[in-house]
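> my questions are about this predicted structure, shown below with the sequence.
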Amino acid sequence: MRRVDSTPRADWRSRLDEIGFTFYDLPSEGGRPYWNETAAYAFTMAEVELIEAATQELFDRCMDAVEHVVRERRFAEFGIPSRFHDLVADSWDADDPTVYGRFDLAYDGAGTVKLLEFNADTPTSLVESAVAQWQWLAEVRGEGSDQFNSLHEQLIEQWEHIRRERWGLPEGSRLHLASLHDTGDGALIVEDFETVAYMAETAAAAGFDPKLVFVEDLQWDVDTARFLDADGEHVRRIFKLYPWEWMVNEQFGGFLLQSRESTRWVEPAWKLLLSNKQLLVVLWELFPGHANLLPAFAEPGALAGEPVVRKPRLGREGANVTVLDAEGAVVAEQDGPYGDEGFVFQRRADFAPIPGKTAVIGSWVVGDSPAGMDLRETSGPITGDLAEFVPHFIEEDRA
């Protein structure tokens, strides 16, 4: 794994616009654009195979963890309201289908891959990973170049699998896809909208008839006990880029219990057990000493004398994360709105020695298979909302 300099394309903004990726100029550290093609990360094929194998192993162990939590009814540890425990269990037992997820991994550059967390319910950076960095590869690295990236093809295959084998639907069946329009200021959340719009493209290629909607416009019809969109159309199947932990705690959450047979949600309700960092604690309990796991506990005492990262169970983009050294002194911390739900404590990971950078690997899963990766980097130890996206490529193995 090497970070190498790269010359940006003269027309990179217009080229990204053409593929439906327009939020590239979101500010990152130092006011630089979020999309950074002044550099690239080079991996050998052996490293890619290592990351791919670790991703498959971690996904399989996560499935074991969900099975354990469901069988042992350990839902309260994840902060799931009691009235939704059966919904999660039923969703798991029915094998409700999943489309995708993204592991955040630490790679030390010397053969060790560790799980930081699993973005299993509402992962973003999808357009950048699946399309933008592939375009960059073709136009900058040229013919014969490659990267770990089959996201686009696998998303189409997974949607087709869900349509035909899982739901038994003919071509042209309706699929709603929803994102949150805004956070109260009226300004469109462009990143979420473009992520869902891209997902709609892959669903259309798989034979669905997609309809983009906003979460705010979903309605509950009391007379028919069904979810409707703003046009009054019954929402039978819906992909949502909106967290389950918000859904079950909102006013309309109770309607989820009444509509299990009339509305199918993707991602499914059992993802509540994977998008919560309590998962890290359960994984370490079930598989202590696992090569791809970091010790993680609900209390800090078990990691006394070691460098620790304190993470809110439901935090996002590094918010409310605190990094502590072996003596318990704060190395770095980030503010945010999370933490009331509790914290987990994870041993701090080792990263590849990239001067001045901490590079986190996002390793994607589509269905139950590894599908590609992305890199986000920061100058500090916390990967937050100011991290930059940097493309990657596979180089010939170095002697």
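Sure thing, it's come through.
> now the helices for this structure?
12-18, 45-72, 85-93, 126-127, 133-136, 151-161, 190-205, 244-247, 255-258, 278-286 (DSSP state H).
> quick one: residues contacting the closest residue to Gly79 other than its chain neighbours.
Nearest non-adjacent residue to Gly79, counting by CB to CB, 6 or more residues apart in numbering: Glu341, 5.2 Å away. In this view, the C-beta of every residue, glycine as well, is placed from N, C-alpha and C. The contact partners of Glu341, by CB atoms under 8 Å, 6 or more residues apart in numbering, come to 79, 312-314.
> how deep is the nearest residue to Val235 once chain neighbours are set aside tucked in, by neighbour count?
Closest residue to Val235 apart from its sequence neighbours, by CB to CB, 6+ apart: Phe227 at 4.3 Å. Each residue near Phe227 was counted by other CB atoms under 10 Å, and the total is 23.
> related to what we said a few turns ago, including neighbour count, could the contacts of Glu341 go into a markdown table?
Formatted as a markdown table, these follow (neighbours: other CB atoms under 10 Å):
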| residue | neighbour count |
| --- | --- |
| Gly79 | 17 |
| Pro312 | 20 |
| Arg313 | 23 |
| Leu314 | 22 |
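> closest to Glu165 out of the residues you listed?
The shortest gap between Glu165 and any of those belongs to Leu314, at 32.6 Å (CB to CB).
> and the pLDDT at Arg163?
We have a pLDDT of 98 for Arg163.
> for Asp385, same thing?
88.
> phi, psi of it?
phi -70, psi 0 (degrees, to the nearest 10).
> what's near enough to touch it?
Here Asp385 is in contact with 317-319 (CB under 8 Å, 6+ apart).
> can you say which of these are buried?
318-319 (16 or more other CB atoms under 10 Å).
> need the contacts of Asp385 in a markdown table (columns: pLDDT).
Shown next, in a markdown table, are the contacts of Asp385 (pLDDT from 0 to 100):
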| residue | pLDDT |
| --- | --- |
| Glu317 | 91 |
| Gly318 | 93 |
| Ala319 | 95 |
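> let me know the closest of the contacts of Asp385 to Ala10.
Glu317 (31.0 Å).
> how about the nearest residue to that closest one, chain neighbours excluded?
Asp385 (4.3 Å).
> ok, now Phe255?
Phe255 sits nearest to Trp220 (CB to CB, 6+ apart), 4.9 Å away.
> Met45 too?
Ile394 (5.7 Å).
> now do Val331
Val323 (4.3 Å).
> who's that neighbour bridged to?
Beta-bridge pairing of Val323 under DSSP bridges involves Val309, Ala332.
> what sits against the residue most central in space within the chain?
Centroid-nearest residue in the chain: Pro123, 2.7 Å away (criterion: CA atoms, centre = their mean). With contacts defined as CB under 8 Å, 6+ apart, Pro123 is in contact with 100-102, 362, 364.
> any idea which of those residues has the most stuff around it?
Trp364 (27 neighbours).
> quick check: the residue nearest to Val331 vs Ala329, distance?
Separation of Val323 from Ala329 (CB to CB, to the nearest Å): 10 Å.
> please identify which of these two sits among more neighbours.
Using other CB under 10 Å as the criterion, Val323 and Ala329 rank with Val323 on top: 19 against 8.
> quick check: bridge partners of the closest residue to Thr383 other than its chain neighbours?
Setting aside the residues directly before and after it, Thr383 is nearest to Val360 in space (CB to CB, 6+ apart), at 4.7 Å. With DSSP bridges applied, Val360 shows beta-bridge pairing to Arg376.
> ditto for Leu105
Leu115, Ile361.
> settle this for me: it is touching Leu115, isn't it.
Yes: using CB atoms under 8 Å, Leu105 is in contact with Leu115, at 6.3 Å.
> which residue of those two possesses the greater neighbour count?
Leu115 (27 against 22).
> from Ala296, how far off is the more buried one?
Taking CB to CB, one finds Leu115 at 9 Å from Ala296.
> touching both of those two, which residues are there?
280, 283.
> can you pull the contacts of the closest residue to Glu57 other than its chain neighbours?
Nearest non-adjacent residue to Glu57, counting by CB to CB, 6+ apart: Asn292, 5.8 Å away. Contact analysis of Asn292 by CB under 8 Å, 6+ apart lists 54, 57-58, 61, 113-115.
> could you turn the buried ones of these into a ChimeraX selection?
Here is the ChimeraX command that picks out the buried ones among the contacts of Asn292, judged by 16+ other CB under 10 Å:
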select :54,57,58,61,113,114,115
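> tell me the one of the contacts of Asn292 nearest Arg163?
Among the contacts of Asn292, and counting by CB to CB, the member closest to Arg163 is Leu58, at 27.5 Å.
> identify the residues contacting that closest one.
103, 115, 118, 292.
> per-residue pLDDT, it?
For Leu58, pLDDT reads 98.
> how much space separates it from Leu115?
Where Leu115 is concerned, Leu58 sits at a distance of 5 Å (CB to CB).
> swap in Leu272?
Taken as CB to CB, the span from Leu272 to Leu115 is 18 Å.
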